[in-house]
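**Q** What follows is a protein structure lacking sequence information:
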């Protein structure tokens, strides 16, 4: 993406992989030299292309964890 600088600080995990080789990942990413946040999105191999995703603060991620733990999955 032109004009957007990012650095993947840590890959927390790969959630799934598509038949095209893209992976849905939870990463800790610094966007435009800002403090890192948790990010959930699809990535092409080598992280050269990305899909739309969501960025979460640590508090957001904790709240999501609590919601998922309460769900009957």
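**A** Happy to help now that I have it. Values in this document were obtained by computation on a predicted structure and should not be read as measured data.

**Q** Would you mind pulling up the elements that the biggest strand by length in the chain packs against?
**A** Taking residue count as the measure and DSSP state E as the definition, the longest strand of the chain comes out as strand 6-17. Other helices and strands packing on strand 6-17, by 3 or more Cβ pairs under 8 Å, 6 or more residues apart in numbering; DSSP states H and E, are strand 23-31. For glycine as for every other residue, the C-beta is placed from the backbone atoms N, C-alpha and C.

**Q** List the buried residues for the strand it packs on?
**A** Residues 23, 24, 25, 26, 27, 28, 29 are the ones in strand 23-31 that count as buried (16 or more other Cβ atoms under 10 Å).

**Q** measure the first one to residue 32 for me?
**A** Taken as Cβ to Cβ, to the nearest Å, the spacing of residue 23 relative to residue 32 amounts to 23 Å.

**Q** Let's test this: mean pLDDT of the longest strand of the chain, rounded?
**A** Confidence over strand 6-17, taken as the mean pLDDT, stands at 97.

**Q** same question, stretch 30-44
**A** 97.

**Q** For that stretch, measure first residue to last.
**A** Stretch 30-44 stretches 18 Å from its first residue to its last (Cα to Cα, to the nearest Å).

**Q** Identify each buried residue in stretch 34-53, please.
**A** Neighbour counts over stretch 34-53 (16+ other Cβ under 10 Å) mark 36, 37, 38, 39, 40, 41, 42, 43, 50, 53 as buried.

**Q** Thanks again, I'm all set now.
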